[in-house]
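S.K.: Give me a 3D structure for the following:
(one chain, ligands or ions: 2)
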Amino acid sequence: MRMLVKVGGAVLDEPDARSSFARSVAQALAAGHELVIVHGGGRQLGRMCADLGLVERRWRGLRVTDARTAEVALAILGGSVNRILVRALEVAGVSAAGLSGADGALFDAEPLHSDEVDLGYVGQVSAVNSKLLEHLLAGGFVPVVATVGPHQGSAGGDEPFLNVNADHAAGALARAIDADVLLLLTDVPALLDGKGQRVACATLDRLAELDREGTIEGGMIPKVEGALAALTPPSRTLVKIAPWAGEDAIRGALQSSVGTVLLSNSEVVGRG
Ligand SMILES: Nc1ncnc2c1ncn2[C@@H]1O[C@H](COP(=O)(O)OP(=O)(O)O)[C@@H](O)[C@H]1O
Ligand SMILES: CC(=O)N[C@@H](CCC(=O)OP(=O)(O)O)C(=O)O
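M.R.: Ligands and ions are numbered 1, 2, ... in the order given. Have a look, this model is predicted:
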(Lines give C-alpha, C1' and ligand atoms only; values in the text may rest on other atoms or scores of the structure.)
(Ligands and ions follow the chains in the order given, each with its own letter.)
Protein backbone atom coordinates (compact mmCIF):
# COMPACT_ATOMS: atom_id res chain seq x y z
CA MET A 1 0.00 0.00 0.00
CA ARG A 2 1.24 3.48 -0.84
CA MET A 3 0.99 5.69 2.20
CA LEU A 4 1.70 9.33 2.85
CA VAL A 5 2.33 9.92 6.54
CA LYS A 6 2.28 13.44 7.95
CA VAL A 7 3.88 13.93 11.32
CA GLY A 8 3.71 17.16 13.27
CA GLY A 9 6.50 19.14 14.86
CA ALA A 10 5.46 18.33 18.42
CA VAL A 11 6.27 14.61 17.94
CA LEU A 12 9.55 15.39 16.23
CA ASP A 13 10.64 17.73 19.01
CA GLU A 14 11.09 14.93 21.56
CA PRO A 15 14.08 12.64 20.90
CA ASP A 16 12.24 9.56 22.26
CA ALA A 17 9.12 10.26 20.23
CA ARG A 18 11.23 10.89 17.16
CA SER A 19 12.96 7.52 17.55
CA SER A 20 9.62 5.79 18.12
CA PHE A 21 8.24 7.42 14.99
CA ALA A 22 11.29 6.23 13.05
CA ARG A 23 10.71 2.69 14.34
CA SER A 24 7.04 2.85 13.35
CA VAL A 25 8.20 3.75 9.83
CA ALA A 26 10.64 0.81 9.81
CA GLN A 27 7.78 -1.45 10.92
CA ALA A 28 5.50 -0.21 8.12
CA LEU A 29 8.23 -0.78 5.53
CA ALA A 30 8.81 -4.28 6.86
CA ALA A 31 5.08 -4.93 6.43
CA GLY A 32 5.53 -4.13 2.73
CA HIS A 33 4.11 -0.61 2.58
CA GLU A 34 5.58 2.19 0.49
CA LEU A 35 5.98 5.42 2.46
CA VAL A 36 6.42 9.10 1.83
CA ILE A 37 6.77 11.31 4.92
CA VAL A 38 5.73 14.94 5.13
CA HIS A 39 6.75 16.67 8.32
CA GLY A 40 5.75 19.78 10.20
CA GLY A 41 7.87 21.70 12.62
CA GLY A 42 5.61 24.46 13.84
CA ARG A 43 6.86 24.11 17.40
CA GLN A 44 10.55 24.32 16.41
CA LEU A 45 9.90 27.26 14.10
CA GLY A 46 7.88 29.04 16.79
CA ARG A 47 10.73 28.62 19.26
CA MET A 48 13.32 30.06 16.90
CA CYS A 49 11.04 32.96 15.96
CA ALA A 50 10.55 33.74 19.66
CA ASP A 51 14.32 33.69 20.19
CA LEU A 52 14.64 36.18 17.36
CA GLY A 53 11.90 38.40 18.79
CA LEU A 54 9.43 37.68 15.96
CA VAL A 55 5.85 37.81 17.21
CA GLU A 56 3.67 34.79 16.33
CA ARG A 57 0.32 35.43 14.71
CA ARG A 58 -2.06 32.74 13.42
CA TRP A 59 -5.11 32.82 11.20
CA ARG A 60 -7.23 29.67 10.93
CA GLY A 61 -4.27 27.59 12.12
CA LEU A 62 -1.80 29.16 9.68
CA ARG A 63 1.26 31.13 10.73
CA VAL A 64 1.17 34.64 9.30
CA THR A 65 4.61 34.75 7.68
CA ASP A 66 6.58 37.92 7.01
CA ALA A 67 9.79 37.90 4.95
CA ARG A 68 12.04 37.30 7.96
CA THR A 69 9.83 34.46 9.24
CA ALA A 70 9.87 32.89 5.76
CA GLU A 71 13.67 32.90 5.88
CA VAL A 72 13.64 31.24 9.30
CA ALA A 73 11.02 28.70 8.10
CA LEU A 74 13.34 27.66 5.28
CA ALA A 75 16.21 27.20 7.70
CA ILE A 76 14.25 25.36 10.39
CA LEU A 77 11.80 23.23 8.37
CA GLY A 78 14.06 22.63 5.36
CA GLY A 79 17.18 22.47 7.51
CA SER A 80 17.32 21.24 11.07
CA VAL A 81 13.91 19.54 11.46
CA ASN A 82 14.27 17.71 8.16
CA ARG A 83 17.87 16.58 8.68
CA ILE A 84 17.31 15.47 12.27
CA LEU A 85 14.33 13.34 11.18
CA VAL A 86 16.32 11.81 8.30
CA ARG A 87 19.05 10.95 10.77
CA ALA A 88 16.59 9.34 13.20
CA LEU A 89 15.20 7.23 10.34
CA GLU A 90 18.69 6.12 9.30
CA VAL A 91 19.42 5.11 12.91
CA ALA A 92 16.23 3.00 12.82
CA GLY A 93 17.54 1.27 9.68
CA VAL A 94 15.43 3.22 7.21
CA SER A 95 17.10 4.63 4.09
CA ALA A 96 15.72 8.15 3.93
CA ALA A 97 16.28 11.22 1.76
CA GLY A 98 15.34 14.75 2.80
CA LEU A 99 13.66 17.05 0.29
CA SER A 100 12.10 20.50 0.09
CA GLY A 101 9.89 21.80 -2.72
CA ALA A 102 13.04 22.84 -4.60
CA ASP A 103 14.63 19.39 -4.74
CA GLY A 104 13.97 17.78 -8.10
CA ALA A 105 11.43 20.63 -8.51
CA LEU A 106 9.15 18.55 -6.26
CA PHE A 107 6.59 21.29 -5.79
CA ASP A 108 5.97 24.94 -6.55
CA ALA A 109 3.99 27.14 -4.24
CA GLU A 110 1.83 30.21 -4.76
CA PRO A 111 0.79 32.73 -2.13
CA LEU A 112 -2.34 31.81 -0.21
CA HIS A 113 -4.77 34.72 0.02
CA SER A 114 -7.28 35.51 2.70
CA ASP A 115 -9.88 38.29 2.64
CA GLU A 116 -9.33 38.89 6.35
CA VAL A 117 -5.57 39.11 6.87
CA ASP A 118 -2.43 39.48 4.82
CA LEU A 119 -0.80 36.07 5.24
CA GLY A 120 2.48 37.27 3.71
CA TYR A 121 4.68 34.41 2.59
CA VAL A 122 2.24 31.60 3.36
CA GLY A 123 1.95 29.35 0.34
CA GLN A 124 -0.15 26.58 -1.06
CA VAL A 125 1.14 23.88 -3.37
CA SER A 126 0.41 24.92 -6.95
CA ALA A 127 2.15 22.17 -8.92
CA VAL A 128 3.77 18.85 -8.07
CA ASN A 129 6.44 17.04 -10.04
CA SER A 130 6.75 13.62 -8.44
CA LYS A 131 9.56 12.31 -10.65
CA LEU A 132 12.24 12.42 -7.95
CA LEU A 133 9.84 10.91 -5.38
CA GLU A 134 9.15 8.01 -7.71
CA HIS A 135 12.89 7.50 -8.31
CA LEU A 136 13.56 7.46 -4.59
CA LEU A 137 10.69 5.07 -3.88
CA ALA A 138 11.84 2.75 -6.67
CA GLY A 139 15.35 2.84 -5.18
CA GLY A 140 14.11 1.87 -1.73
CA PHE A 141 14.40 5.31 -0.10
CA VAL A 142 11.77 6.99 2.02
CA PRO A 143 11.35 10.60 0.86
CA VAL A 144 11.09 13.01 3.80
CA VAL A 145 9.49 16.26 2.69
CA ALA A 146 9.85 19.68 4.33
CA THR A 147 7.02 21.96 3.28
CA VAL A 148 8.93 25.02 2.12
CA GLY A 149 8.60 25.62 -1.59
CA PRO A 150 9.85 27.93 -4.29
CA HIS A 151 7.56 30.80 -5.20
CA GLN A 152 6.03 29.97 -8.57
CA GLY A 153 5.98 33.61 -9.64
CA SER A 154 9.65 34.16 -8.89
CA ALA A 155 11.16 34.36 -12.36
CA GLY A 156 14.71 34.97 -11.15
CA GLY A 157 14.39 32.46 -8.32
CA ASP A 158 15.22 35.15 -5.79
CA GLU A 159 11.88 35.51 -3.94
CA PRO A 160 11.75 33.95 -0.47
CA PHE A 161 10.52 30.36 -0.31
CA LEU A 162 6.89 30.16 0.76
CA ASN A 163 5.90 28.58 4.05
CA VAL A 164 3.32 25.89 3.29
CA ASN A 165 1.39 24.38 6.17
CA ALA A 166 2.43 20.72 6.43
CA ASP A 167 -1.16 19.42 6.51
CA HIS A 168 -1.99 21.39 3.34
CA ALA A 169 1.13 20.09 1.60
CA ALA A 170 0.42 16.51 2.71
CA GLY A 171 -3.03 16.68 1.10
CA ALA A 172 -1.68 18.03 -2.19
CA LEU A 173 1.18 15.51 -2.33
CA ALA A 174 -1.07 12.55 -1.43
CA ARG A 175 -3.25 13.49 -4.37
CA ALA A 176 -0.30 13.90 -6.73
CA ILE A 177 1.19 10.50 -5.91
CA ASP A 178 -2.23 8.81 -5.84
CA ALA A 179 -1.68 7.54 -2.28
CA ASP A 180 -3.91 4.73 -1.04
CA VAL A 181 -3.84 6.27 2.41
CA LEU A 182 -3.08 9.70 3.80
CA LEU A 183 -2.30 9.43 7.48
CA LEU A 184 -2.37 12.63 9.53
CA LEU A 185 -0.79 11.74 12.86
CA THR A 186 -1.60 14.24 15.56
CA ASP A 187 -1.77 14.90 19.28
CA VAL A 188 -5.51 14.27 19.73
CA PRO A 189 -7.27 10.88 19.53
CA ALA A 190 -9.26 11.90 16.46
CA LEU A 191 -11.40 14.63 14.97
CA LEU A 192 -13.79 15.52 17.79
CA ASP A 193 -17.37 16.72 17.50
CA GLY A 194 -18.93 19.64 19.40
CA LYS A 195 -19.37 17.42 22.49
CA GLY A 196 -15.74 16.33 22.46
CA GLN A 197 -16.66 12.87 21.19
CA ARG A 198 -14.58 11.08 18.57
CA VAL A 199 -15.95 11.26 15.06
CA ALA A 200 -15.22 7.72 13.86
CA CYS A 201 -16.01 8.35 10.22
CA ALA A 202 -16.96 11.47 8.28
CA THR A 203 -17.95 12.16 4.71
CA LEU A 204 -17.37 15.48 2.95
CA ASP A 205 -20.94 16.51 3.88
CA ARG A 206 -20.41 15.73 7.55
CA LEU A 207 -17.13 17.68 7.51
CA ALA A 208 -18.89 20.69 6.01
CA GLU A 209 -21.51 20.40 8.77
CA LEU A 210 -18.84 20.27 11.52
CA ASP A 211 -17.17 23.30 9.95
CA ARG A 212 -20.46 25.26 9.85
CA GLU A 213 -21.03 24.42 13.52
CA GLY A 214 -17.60 25.92 14.33
CA THR A 215 -16.37 22.59 15.74
CA ILE A 216 -13.13 22.59 13.77
CA GLU A 217 -10.66 25.10 15.15
CA GLY A 218 -7.00 26.11 15.18
CA GLY A 219 -4.55 23.43 14.03
CA MET A 220 -7.40 21.12 13.01
CA ILE A 221 -8.49 23.53 10.25
CA PRO A 222 -5.48 22.98 7.93
CA LYS A 223 -5.70 19.25 8.68
CA VAL A 224 -9.29 19.09 7.46
CA GLU A 225 -8.44 21.33 4.49
CA GLY A 226 -5.51 19.05 3.60
CA ALA A 227 -7.83 16.06 3.86
CA LEU A 228 -10.35 17.75 1.56
CA ALA A 229 -7.61 18.36 -1.04
CA ALA A 230 -6.81 14.65 -1.00
CA LEU A 231 -10.46 13.54 -1.02
CA THR A 232 -12.11 15.80 -3.56
CA PRO A 233 -13.42 13.51 -6.30
CA PRO A 234 -12.06 11.86 -8.30
CA SER A 235 -9.93 10.36 -5.55
CA ARG A 236 -9.40 6.89 -4.22
CA THR A 237 -7.36 8.02 -1.23
CA LEU A 238 -8.56 7.18 2.24
CA VAL A 239 -7.66 9.82 4.81
CA LYS A 240 -7.21 9.06 8.44
CA ILE A 241 -6.65 11.52 11.25
CA ALA A 242 -5.10 9.37 13.95
CA PRO A 243 -3.40 9.78 17.31
CA TRP A 244 0.31 9.82 17.74
CA ALA A 245 0.81 6.55 19.63
CA GLY A 246 4.52 5.87 19.74
CA GLU A 247 6.12 2.98 17.93
CA ASP A 248 2.74 1.50 17.04
CA ALA A 249 1.40 4.75 15.58
CA ILE A 250 1.33 3.77 11.91
CA ARG A 251 0.26 0.14 12.43
CA GLY A 252 -2.37 1.24 14.97
CA ALA A 253 -3.70 3.93 12.66
CA LEU A 254 -4.21 1.44 9.86
CA GLN A 255 -6.57 -0.51 12.10
CA SER A 256 -10.02 1.00 11.82
CA SER A 257 -10.66 1.29 15.55
CA VAL A 258 -8.71 4.50 16.20
CA GLY A 259 -8.87 8.00 14.79
CA THR A 260 -11.24 9.38 12.21
CA VAL A 261 -11.67 7.98 8.73
CA LEU A 262 -12.56 10.62 6.15
CA LEU A 263 -14.24 9.60 2.93
CA SER A 264 -15.51 11.40 -0.12
CA ASN A 265 -19.28 10.92 -0.50
CA SER A 266 -18.91 8.99 -3.72
CA GLU A 267 -16.80 6.39 -1.94
CA VAL A 268 -19.49 5.92 0.65
CA VAL A 269 -22.07 5.43 -2.10
CA GLY A 270 -19.65 2.99 -3.75
CA ARG A 271 -19.33 1.01 -0.55
CA GLY A 272 -23.00 1.19 0.32
N1 LIG B 1 -12.79 19.42 16.25
C2 LIG B 1 -11.54 19.19 16.70
N3 LIG B 1 -11.13 17.94 16.93
C4 LIG B 1 -9.90 17.69 17.40
N5 LIG B 1 -8.96 18.63 17.61
C6 LIG B 1 -9.28 19.91 17.37
C7 LIG B 1 -10.60 20.25 16.91
N8 LIG B 1 -10.65 21.59 16.76
C9 LIG B 1 -9.45 22.06 17.12
N10 LIG B 1 -8.60 21.08 17.51
C11 LIG B 1 -7.21 21.29 17.93
O12 LIG B 1 -6.35 20.97 16.85
C13 LIG B 1 -5.12 20.48 17.38
C14 LIG B 1 -4.37 19.67 16.31
O15 LIG B 1 -3.66 20.54 15.52
P16 LIG B 1 -2.09 20.80 15.71
O17 LIG B 1 -1.79 20.94 17.17
O18 LIG B 1 -1.71 21.87 14.78
O19 LIG B 1 -1.55 19.39 15.24
P20 LIG B 1 -0.21 18.95 14.51
O21 LIG B 1 0.93 19.53 15.27
O22 LIG B 1 -0.31 17.47 14.59
O23 LIG B 1 -0.30 19.47 13.08
C24 LIG B 1 -5.54 19.68 18.60
O25 LIG B 1 -4.54 19.64 19.58
C26 LIG B 1 -6.77 20.44 19.12
O27 LIG B 1 -6.41 21.31 20.13
C1 LIG C 1 1.72 28.35 7.01
C2 LIG C 1 1.96 27.48 8.20
O3 LIG C 1 1.17 27.44 9.11
N4 LIG C 1 3.09 26.75 8.17
C5 LIG C 1 3.50 25.92 9.26
C6 LIG C 1 4.51 24.92 8.74
C7 LIG C 1 4.92 23.89 9.76
C8 LIG C 1 3.77 22.99 10.19
O9 LIG C 1 2.75 22.87 9.55
O10 LIG C 1 4.06 22.32 11.35
P11 LIG C 1 3.11 21.40 12.27
O12 LIG C 1 2.56 20.32 11.40
O13 LIG C 1 4.06 20.91 13.28
O14 LIG C 1 2.03 22.29 12.82
C15 LIG C 1 4.11 26.77 10.39
O16 LIG C 1 4.72 27.79 10.09
O17 LIG C 1 3.98 26.37 11.56
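
S.K.: Stretch 108-127 - what's its average pLDDT?
M.R.: Averaging pLDDT along stretch 108-127 gives 97.

S.K.: near ligand 2, anything from it?
M.R.: Yes. Using C-beta under 6 Å from any ligand atom, stretch 108-127 reaches ligand 2 at Val122. In this view, the C-beta of every residue, glycine as well, is placed from N, C-alpha and C.

S.K.: Please state the offset of that stretch from the chain centre?
M.R.: Relative to the chain's own centre, stretch 108-127 is displaced by 16 Å; criterion: C-alpha atoms, centre = their mean, to the nearest Å.

S.K.: do the same with stretch 237-244
M.R.: The answer for stretch 237-244 is 11 Å, by C-alpha atoms, centre = their mean.

S.K.: One more: stretch 36-54?
M.R.: Relative to the centre of its chain, stretch 36-54 is centred 14 Å away, using C-alpha atoms, centre = their mean.

S.K.: same deal with stretch 1-14?
M.R.: Taking mean C-alpha positions (C-alpha atoms, centre = their mean), stretch 1-14 and its chain are 7 Å apart.

S.K.: tell me the pLDDT at the residue of the chain found nearest ligand 2?
M.R.: Closest contact between the chain and ligand 2, by C-beta to the nearest ligand atom, is at Gly40 (2.0 Å). pLDDT recorded at Gly40 is 98.

S.K.: what sits against Lys131?
M.R.: Going by C-beta atoms under 8 Å, 6 or more residues apart in numbering, Lys131 touches Gly104.

S.K.: Report the buried residues of the helix or strand hosting Leu136.
M.R.: Using DSSP states H and E, the element containing Leu136 is helix 131-138. Of all the residues in helix 131-138, those buried under the rule 16 or more other C-beta atoms under 10 Å are 133, 136-137.

S.K.: Could you let me know which of those ends up closest to Arg60?
M.R.: For the buried residues of helix 131-138, the closest approach to Arg60 (C-beta to C-beta) belongs to Leu133, at 28.5 Å.

S.K.: If we ignore the residues flanking it in sequence, what's nearest the closest one?
M.R.: Spatial nearest neighbour of Leu133, excluding adjacent residues (C-beta to C-beta, 6 or more residues apart in numbering): Pro143 at 5.1 Å.

S.K.: hang on, the earlier thing: tell me the helix or strand right after the helix holding Leu136.
M.R.: strand 142-146.

S.K.: Not counting its neighbours along the chain, what's nearest Leu262?
M.R.: Counting by C-beta to C-beta, 6+ apart, the residue nearest Leu262 is Val239, at 4.1 Å.
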